[in-house]
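>>> Could you look at this predicted model? Sequence included:
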Amino acid sequence: MRILIVEDEHRIAQALKEGLEQESYAVDACYDGEDGYNTASADEHDLIILDVMLPNMDGFEISKKLRAGGNHTPILMLTAKDQNHDIVHGLDTGADDYLPKPFSFEVLLARVRALLRRPHESLGEILEADDLTLNTKTHEVKRSGKTIKLSSKEYALLEYMLRNKNNVLSKNNIMTHVWDFDADILPNTVEVFITFLRNKIDKPFKKPGLIQTERGFGYKIGESSS
């Protein structure tokens, strides 16, 4: 899943970026309100972490303009202000959640997970496809009760596919949501990681594969294929 951080304090932005990347998220960072708005408008993200006090365009204005333009990406606002009228103003401009500074990274991470679940609330923390399960809180992946060890990027790819179970995902769509803007991606990168995943979640098990190729369209994960 791909996250955009808009935070003018470079130290905070970098700490959040590194922490979220360790949790297998792809992360882009902007340090200016106008740049943040332009990036959020031009690129697809699954979540925006948005500071309120920004140069050139504050977080309230960014949120309001994004919503007015039809961008419904979940927004988590960060601010040193914690008074009720600021919280109400933030939510009224279109933010989905509000986190006053200072905050612990664990709390932010819990808010991130909750916001990413919202479009798929019925799925909860456990994502499933047949006997394959992925726990978005513990990052534990199992098939037929057997734990599967994945790299950070393999995990991110599997999580994105499971959140979109039974939907065909193009290579471009996968790259947009699993890799950040600065990633050095080759044309066959998605194919390579799909192969890595198949070698871990399909091939070791004497069962039909879960990851399916839709020729000319992309990939999907769903019920076992014959």
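Sure, I can see it.

>>> Mind giving me the packing neighbours of the lowest-mean-pLDDT helix or strand in the chain?
Lowest by mean pLDDT, DSSP states H and E among the helices and strands of the chain is helix 84-92, with a mean of 77. Here helix 84-92 touches helix 59-68, strand 75-79, strand 97-100, going by 3 or more Cβ pairs under 8 Å, 6 or more residues apart in numbering; DSSP states H and E. (Each C-beta comes from the backbone N, C-alpha and C, glycine too.)

>>> Between these, which one is closest to Leu157.
Comparing the helices and strands packed on helix 84-92 against Leu157 with Cβ to Cβ, the closest turns out to be strand 75-79 (23.4 Å).

>>> neighbouring strands for the closest one, and are they parallel or not?
Strand pairing for strand 75-79, determined by DSSP bridges: strand 47-51 (parallel), strand 97-100 (parallel).

>>> Only C-alpha atoms, please: export the last one in CSV.
It refers to strand 97-100. What follows is strand 97-100 as a C-alpha-only set of coordinates in CSV (Å, rounded to 0.1, in the frame of the first residue of the first chain):
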residue,chain,number,x,y,z
ASP,A,97,-8.9,11.2,11.2
TYR,A,98,-6.9,13.7,13.3
LEU,A,99,-3.7,13.0,15.4
PRO,A,100,-2.3,15.8,17.6
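
>>> Flag every buried residue along the following helix or strand past that strand.
Using DSSP states H and E, the helix or strand that follows strand 97-100 in sequence is helix 105-117. Buried residues in helix 105-117, counted by 16 or more other Cβ atoms under 10 Å: 108-109, 111-112, 115-117.

>>> And the contacts of helix 105-117?
Contact with helix 105-117 is made by 1, 3, 15-16, 19-20, 23, 25, 46-47, 49, 74, 76, 96-97, 99, 123-125, 136-137, 163, as judged by Cβ atoms under 8 Å, 6 or more residues apart in numbering.

>>> And Lys165, how far from Gly218?
14 Å (Cβ to Cβ, to the nearest Å).

>>> same question, Met57
36 Å.

>>> got any ranges where this structure has weak pLDDT?
81-83, 119-124, 187, 224-226 (pLDDT under 70).

>>> for this structure, what spans make up the helices?
Under the criterion DSSP state H, the chain contains helices at 10-22, 33-42, 59-68, 84-92, 105-117, 152-163, 171-178, 189-201.

>>> rewinding a little: tell me the one among the buried residues of helix 105-117 nearest to Asp32.
Using Cβ to Cβ, these come closest to Asp32 at Leu108, 21.3 Å.

>>> distance of that closest one from Lys101?
To Lys101, Leu108 is 10 Å away according to Cβ to Cβ.

>>> How about Val52?
10 Å.

>>> Common neighbours of these two, please.
Going by Cβ under 8 Å, 6+ apart, residues that sit against Val52 and also against Lys101 are 78-79.

>>> Between these two, point out the one with more neighbours.
Val52 (25 against 14; other Cβ atoms under 10 Å).
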